[in-house]
Each structure stands twice: as C-alpha cells, then as structure tokens.
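Enquirer: Need a 3D model of the sequence below.
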Amino acid sequence: GFVFWIIFQLIPLYIRKSKLRPKIEDDLLYINNTIGHLIDLAMKHAESTTSMFYKEISNYELTLDDLHIGLMNKSLNQSFLVDDFSDNIVIGELIYKKTKTINTKIDRIFYFNDQLSAAEILVLEKIHQALYKYHFSDFNRPYVDTRDGGRYVPADPSLSYLRYFFFEIYQLKKELEKILISSRANNKSILFIKLSYLKNKNKFSKAIKILKKEIKNTKDDPEHLRWILFSISYLSDRKNSFALLKELLSSSNIITYRSYL
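Expert: Numbering: from 1, shown residues only. Just a heads-up that it's a prediction; the model follows:
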C-alpha cells in the first residue's frame, strides 16, 4: 500500500507541483510588483515619472500621513481638476486597471489553491477583500452629482480619502514580500527581492553569502550578479570591495553597469 501511494499519489503530486509552482510564483511576484506601482502612483510628484520615495517605499517606512499628503495632489478624473486642485495628477483609471489585474491574478491563483501554503491563501484573500471595499470602476463619475434635483460636490476633490486603502494594501504587500523572501524557489526576481531586503536591513554578510553561492551556480548573467555583489560589498567593506571593482571594470561594459558606479 505504501509503495502504491508513492507511485500513484505522491510522485504525481510532486510532478504537478514542480510544473505549477513557477507559474504561481510569477503571479505572486506580479501582484507584489503591481501593488508597489500603486503605492508609487500615490506618491509621485509629477506625471510621466516615478516618485522620489523608492527607498521609503521599499523599506516600508511610509506612514498613513505620508500617503494622505501624497494623495492630495491626485484626482479621480479630469472633472475633479477644480480650484486649488486644478493641477492635480489624474490617476483614477490607472488605479482601476491595476486593481483589476491584481484581482484577475488572484482569481487565477485560487484555481490552484491546493498548491498554495496557508500563509499565501490568507494574504491573497486579504488583498482581494481590500480591493473590493472600493468601487474603482466608477473612475469616470462626474465631479458634480445632480441626483434628486440637487447639486452636490465633494468637499475635497483629491483622492486623499483613499489613504486608508493604500495604507492597507501597503501593509499587505509587506506580508506578501515576507512570504516571497522565505521561498526556496529558483527565481531570479525573488532573489533580487531577497537581496534588496537584506541590503536595506544592513544584513550585508548574509546577502553576500547568498550572492556568492548564486554566482557559483548560475550561468545566466553572472556579470550582473557580480555587480550587485560589488554594490553590497562596498557598503560592508569599502576598501576590499575595490579589488572586485577593478576586476569588473576590466571585464564589463561600463555603460551597461553605469548605475552601480
């Protein structure tokens, strides 16, 4: 009976998991990154650019007040650009599109809930519920509401009322990222999240150990990993990091890796 269980149940389950988990992890990464884009959207100071708060967002240092202030110069649509808010950045449709894609990804992942851990199911369900609290699909609603023969306008035409939503999903992103960091998946994107987390927490020795092992075992773009190793070594032991830098400068296309310099 034990042999039959291994052959007909355990081995097929293992094969199924090995095929499905990479796709699930890609979707989890997509959700994590898209929530990050939403937070960046709330904090950006101008259109067609990213915000100036990348480090604060990555380190989960933003407060509810920060998001409140960030959303003061954002509006739902063009009709809300009135008075002191006439130069606001319109992001209503962008919020709708990003939250819709997150929900679609979560729905798809839940088809394979037998491949998810309890922690993954719980955090995804929390994100799902947070997105359904607000009606983002009505991003085209007019500034002036003329229902029942009256004329009503919001006291605050900005999106500052969404600060609680943004703060909630920001905290949920932190939960999701912790799950990704603890993953043993052989995924470069997860590796970069893990390294960024360790770097931001000043855990340089652990990050360097992981990087050296990855460089030794990979044939996929080891040069990029070596530049990341230099950037972390530079923070940990500046003097000794120059030996690695000297090697990199003699073997790399400096233009490609100029951001590290």
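Enquirer: Which of the helices and strands in this protein ranks last by mean pLDDT?
Expert: Every helix and strand in the chain was compared by mean pLDDT, DSSP states H and E; the lowest is helix 2-5, with a mean of 70.
Enquirer: For the very next helix or strand once past it, name the packing helices and strands.
Expert: Following helix 2-5 in sequence order, the next helix or strand is helix 11-43 (DSSP states H and E). Applying 3 or more C-beta pairs under 8 Å, 6 or more residues apart in numbering; DSSP states H and E, one finds that helix 11-43 contacts helix 54-58, helix 64-71, helix 92-110, helix 118-132, helix 163-181, helix 188-200. In short, each C-beta sits where N, CA and C put it, glycine included.
Enquirer: can you put these in TSV and add mean pLDDT?
Expert: Listed next are the helices and strands packed on helix 11-43 as TSV, based on pLDDT from 0 to 100:
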stretch	mean pLDDT
helix 54-58	90
helix 64-71	97
helix 92-110	95
helix 118-132	95
helix 163-181	95
helix 188-200	88
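Enquirer: which one of those lies closest to Lys23?
Expert: Among the helices and strands packed on helix 11-43, the nearest to Lys23 by C-beta to C-beta is helix 92-110 (9.0 Å).
Enquirer: Okay, buried residues for that closest one please.
Expert: Neighbour-count burial for helix 92-110, counted by 16 or more other C-beta atoms under 10 Å, picks out 92, 94-96, 98-99, 102-103, 105-106, 109.
Enquirer: Are there helices or strands packed against it, and which ones?
Expert: Going by 3+ C-beta pairs under 8 Å, 6+ apart, helix 92-110 lies up against helix 11-43, helix 118-132.
Enquirer: Turn these into CSV, columns for distance to Tyr164 and mean neighbour count.
Expert: Formatted as CSV, those follow (distance: least, C-beta to C-beta, whole Å; neighbours: other C-beta atoms under 10 Å):
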stretch, distance to Tyr164, mean neighbour count
helix 11-43, 12, 16
helix 118-132, 10, 16
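Enquirer: so which of the helices and strands packed on helix 11-43 comes closest to Ala243?
Expert: Ala243 lies closest, by C-beta to C-beta, to one member of the helices and strands packed on helix 11-43: helix 188-200, at 20.1 Å.
Enquirer: Also compute the angle for the closest one relative to helix 163-181, please.
Expert: Relative orientation of helix 188-200 versus helix 163-181 (axes from the mean of the first three to the mean of the last three C-alpha atoms, to 10 degrees): 110 degrees.
Enquirer: Let me see the mean pLDDT of the following helix or strand past helix 188-200.
Expert: Note on helix 188-200: by DSSP H and E, the next helix or strand toward the C-terminus is helix 204-217. For helix 204-217, mean pLDDT rounds to 92.
Enquirer: now the helix or strand just after helix 204-217 and helix 204-217, what's the angle there?
Expert: Where DSSP H and E defines the elements, the next helix or strand beyond helix 204-217 is helix 222-236. Helix 222-236 runs at 160 degrees relative to helix 204-217, counting by the same axes, to 10 degrees.
Enquirer: Quick one: mean pLDDT over helix 222-236.
Expert: 92.
Enquirer: for it, packing partners?
Expert: helix 188-200, helix 204-217, helix 238-251.
Enquirer: Kindly compare burial across those helices and name the winner.
Expert: helix 188-200 (a mean of 18; mean count of other C-beta atoms under 10 Å).
Enquirer: mind listing what Val123 touches?
Expert: With contact set as C-beta atoms under 8 Å, 6 or more residues apart in numbering, Val123 has these partners: 172, 175-176, 179.
Enquirer: closest to Asn217 out of the helices and strands packed on helix 11-43?
Expert: In terms of C-beta to C-beta, the element of those nearest to Asn217 is helix 188-200, at 11.3 Å.
Enquirer: hmm, who's touching that closest one?
Expert: By C-beta under 8 Å, 6+ apart, helix 188-200 touches 25, 29, 32, 55, 58-59, 177, 180-181, 183, 204, 206-207, 210-211, 214, 220, 228, 232, 235.
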